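J.: Need the 3D shape of this:
(chains A and B)
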Number of protein chains: 2
Amino acid sequence: MRWSEIGGQDCSVARTLSVVGERWTMLILRESFRGTRRFEDFQERTGAARPVLSERLRSLCDDGVLERRPYSNHPDRFEYRLTAKGLDLYPVIVSLLRWGDRWMDEGNGPPMVLRHRDCGAVMVPELACPACGAAVGARDVEVVTSAPAVA
Amino acid sequence: MRWSEIGGQDCSVARTLSVVGERWTMLILRESFRGTRRFEDFQERTGAARPVLSERLRSLCDDGVLERRPYSNHPDRFEYRLTAKGLDLYPVIVSLLRWGDRWMDEGNGPPMVLRHRDCGAVMVPELACPACGAAVGARDVEVVTSAPAVA
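T.: Next up is the predicted model:
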C-alpha cells in the first residue's frame, strides 16, 4: 500500500495521519500553538525550507486546520491561524511534548513548562477518563469494537 | 535545516518526532497497542511494504520503544513488544484516534470504541489537569517558560 492510500483506511489514526502525519507539519502546528502566525516566523522557528513550509501551510489550509487571513494590503500579507479543527489537535501536540520531556530530555529538564490558567497549577496535562476522572494509560483501556485495520 | 538534524532541537515535540514522527511508524505503534506482535501480522494490518516495515521495526527497537524477543527456535522467530517507553506513547495514539473520530469520520461513526476497565465507562480519554482534574484544551494552558524552538 502506498502512503497516499492510507487516508482511506477505516481507522481514525490513519485518517488523522493523512492530515498531520508529516514531521514538518507537526512542527508547524507546534509553532501555531505557541502563537506563530506569519510565514517568516514559521520559517525561522521550524527551520523548514521555504518551499516545504509553503506547501505544508497550503495543505493545512486545504484540510481546514489552518485559516489564511490577510493582515496587510500594502503589500498583501497573510497570516495563518488555527481553526476550531486545528485547535482540537492540542492533545496530540501536548502528548508528543510530554513523552519527549519524559524519555528524551537528555538531562536538561523540560524546556517548556505549562500552567493551567484556571487553577494556576504548573502541570503536564494527562489522559483521564471523562466519566470517573481517573488517569488512564494503555493498560486501563480496552477496545470494545474495532474495525479491520486495513479496509 | 534537514530533518535528520531535528532531533537536536531543544524542543520535546521535535525530539519525540525524531523517534515516532514517521507515518508508518505511527501505524506500527497503533498495531502494537492493539496487540500485534509478529512481523507478518504487522505487515497485513498496516499494509507497509516488507523492507519499510523491517526498517521501522529495527529503528523502534534501537530507540527502546519496542523490544525484540524470540518466541520460537525452529525456525528462529521473533516478536516485537512495547517497552515501558513504548507503552507511554499511548496518549499520542489515543489523541490521534480521538481527533480522527471527531473530524474525519466521514459519517461512519468511530470505528474503534474504548472502555475504561476500571469504571466500565465507554469513553474517549481526554486531556485533564492532574492538579484539579478539569479537562484542558489549548486555551486553558499557558507556557510559563519556553526555550527557543531552534537551537
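J.: Tell me the confidence at the residue of chain A most remote from its centre?
T.: Distance from the centre of chain A peaks at A:H74, with 32.1 Å (C-alpha atoms, centre = their mean). A:H74 is assigned 85 on the pLDDT scale.
J.: Convert the C-alpha atoms of the strand or helix carrying A:E67 to PDB, please.
T.: With elements taken from DSSP states H and E, the one containing A:E67 is strand A:66-73. What follows is strand A:66-73 as a C-alpha-only set of coordinates in PDB (Å, rounded to 0.1, in the frame of the first residue of the first chain):
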ATOM      1  CA  LEU A  66      -5.300  26.500   9.500                       C
ATOM      2  CA  GLU A  67      -7.000  29.500   8.100                       C
ATOM      3  CA  ARG A  68      -5.200  32.100   5.900                       C
ATOM      4  CA  ARG A  69      -6.200  35.600   6.700                       C
ATOM      5  CA  PRO A  70      -5.000  38.900   5.200                       C
ATOM      6  CA  TYR A  71      -3.300  41.200   7.800                       C
ATOM      7  CA  SER A  72      -2.000  43.900   5.400                       C
ATOM      8  CA  ASN A  73      -2.900  45.200   1.900                       C
END
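J.: List the buried residues in the helix or strand that it is followed by.
T.: Moving toward the C-terminus from strand A:66-73, the next helix or strand (DSSP H and E) is strand A:76-82. By neighbour count on 16 or more other C-beta atoms under 10 Å in any protein chain shown, the buried set for strand A:76-82 is A:78-82. C-beta here means a position set from N, CA and C on the backbone, and glycine is covered the same way.
J.: out of these, which touch chain B?
T.: Filtering the buried residues of strand A:76-82 for proximity to chain B by C-beta under 8 Å from any C-beta of the partner chain leaves A:L82.
J.: Tell me how far the worst-scoring helix or strand of chain A on mean pLDDT lies from the chain's centre.
T.: For chain A, counting by mean pLDDT, DSSP states H and E, helix A:12-20 ranks last in confidence among helices and strands (a mean of 76). Centroid separation for helix A:12-20 versus its chain: 11 Å, with C-alpha atoms, centre = their mean, to the nearest Å.
J.: can you map out the strands along chain A?
T.: Secondary structure of chain A (DSSP state E): strands located at A:66-73, A:76-82, A:112-116, A:122-123, A:126-128, A:141-146.
J.: before we move on, the earlier item: output the least confident helix or strand of chain A as CSV - backbone C-alpha positions only.
T.: Taking Å, rounded to 0.1, in the frame of the first residue of the first chain, the C-alpha atoms of helix A:12-20 are listed here in CSV:
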residue,chain,number,x,y,z
SER,A,12,-9.1,7.2,12.7
VAL,A,13,-5.4,7.1,13.5
ALA,A,14,-4.6,6.5,9.8
ARG,A,15,-7.0,9.2,8.7
THR,A,16,-5.6,11.7,11.2
LEU,A,17,-2.1,10.9,10.0
SER,A,18,-3.2,11.6,6.4
VAL,A,19,-3.6,15.2,7.5
VAL,A,20,-1.0,15.7,10.2
